[in-house]
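> how does the following fold in three dimensions:
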Amino acid sequence: MPKFKFALIGLIFLSCESSDEKESPISQPKIDSTTDNIEVVDSSTGHISPSEVYENDTLFEKYDSKYSFEDFECKVYDGKLATPIFENNPYAEDPEYVSFIRKGCEENGINYAGKYTVIHKACGAFCEHIFIVNREDGTIFTGEFEPNNGGRYGYDYRANSQLIIANSEMFPDPSHEYILRFPPNTLPEFYVLKANDFDQLE
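As a prediction, this is how the structure comes out:
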């Protein structure tokens with residue numbers, strides 16, 4: 001019996017260790033200047049050259065970002081915040097949806113593009129939906145916004161900018177100077193909300 005208990009404890013330990021390793025491939029590593037055995041691929045030349053080093057043996061590519069939040073700055077509305085209006089909304093009869101949107105607006109002020117509240121909802125592993133409410137008039141965005149990979153790697157935005165970045169967790173830090181080399185074929189995508197539609201920037 002003691003041997004059985006020992007084996008069971010060992011299995012539990014291995015199971016925990018395995019689950020830790022299966023956490024999101026997207027991490028937010030810190031710069032580790034004490035190590036010098038990691039190199040970064042420069043995507044502009046294709047050459048591998050020494051650069052600032054990141055921990056966890058994760059390689060990054062140099063990234064030339066064409067857009068920044070400052071390029072799309074806007075004034076932030078400072079009037080009374082409107083509550084969400086569900087009239088003519090295709091999901092107005094869904095009590096869970098209505099409750100979620102109302103609660104999100106109660107807990108969040110303007111956090112995007114000068115007059116909008118963005119509300120996040122997880123939809124499973126590596127899946128995240130966002131809902132957008134105009135806090136000037138209460139209208140809820142119902143247009144199409146479908147980034148590649150469903151924006152599964154997060155969104156980044158600012159209260160005073162019209163820019164929103166989908167798959168933003170591909171960037172290891174706010175400078176946007178480097179990008180994770182994996183998952184493959186996944187890049188951050190840059191959008192601007194105009195009227196009731198999102199324009200993807202080239």
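> could you pull out the strands for this structure?
Under the criterion DSSP state E, the chain contains strands at 39-41, 48-50, 60-62, 116-122, 128-134, 155-157, 163-166, 178-180, 189-194, 197-200.
> got a list of contacts for the last one?
Residues outside strand 197-200 that contact it (CB atoms under 8 Å, 6 or more residues apart in numbering): 143-145, 164, 189-193. (C-beta placed from N, C-alpha, C; glycine too.)
> try the fifth one
Under the contact criterion CB under 8 Å, 6+ apart, strand 128-134 has outside partners 82, 84, 100-101, 104-105, 112, 115-123, 139-141, 145, 150-152, 154-155, 193.
> now distance to residue 172 too, for the strands of the chain, in JSON lines please.
Below are the strands of the chain laid out as JSON lines (distance: least, CB to CB, whole Å):
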{"stretch": "strand 39-41", "distance to residue 172": "11"}
{"stretch": "strand 48-50", "distance to residue 172": "17"}
{"stretch": "strand 60-62", "distance to residue 172": "6"}
{"stretch": "strand 116-122", "distance to residue 172": "21"}
{"stretch": "strand 128-134", "distance to residue 172": "19"}
{"stretch": "strand 155-157", "distance to residue 172": "13"}
{"stretch": "strand 163-166", "distance to residue 172": "14"}
{"stretch": "strand 178-180", "distance to residue 172": "6"}
{"stretch": "strand 189-194", "distance to residue 172": "17"}
{"stretch": "strand 197-200", "distance to residue 172": "23"}
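> related to what we said a few turns ago, what subset of the contacts of strand 197-200 is buried?
The neighbour-count test (16 or more other CB atoms under 10 Å) marks 145, 164, 189-193 as buried among the contacts of strand 197-200.
> pLDDT for those - can I get that in JSON lines?
JSON lines is the format used below for the buried ones among the contacts of strand 197-200 (pLDDT from 0 to 100):
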{"residue": "145", "pLDDT": "83"}
{"residue": "164", "pLDDT": "96"}
{"residue": "189", "pLDDT": "92"}
{"residue": "190", "pLDDT": "94"}
{"residue": "191", "pLDDT": "95"}
{"residue": "192", "pLDDT": "94"}
{"residue": "193", "pLDDT": "86"}
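> isn't residue 85 up against residue 139?
Yes - between residue 85 and residue 139 there is a contact under CB atoms under 8 Å: 6.0 Å.
> who has more neighbours out of those two?
Between residue 85 and residue 139, residue 139 has the larger neighbour count (other CB atoms under 10 Å), namely 19 against 14.
> and that one, backbone torsions?
Reported as degrees, to the nearest 10, the phi and psi values for residue 139 are phi -70, psi 150.
> ok, it touching residue 87?
No - using CB under 8 Å, residue 139 is not in contact with residue 87; the gap is 9.3 Å.
> before we move on, the earlier item: highest mean neighbour count out of the strands of the chain?
Across these, the average number of neighbours (mean count of other CB atoms under 10 Å) peaks for strand 163-166, which reaches a mean of 25.
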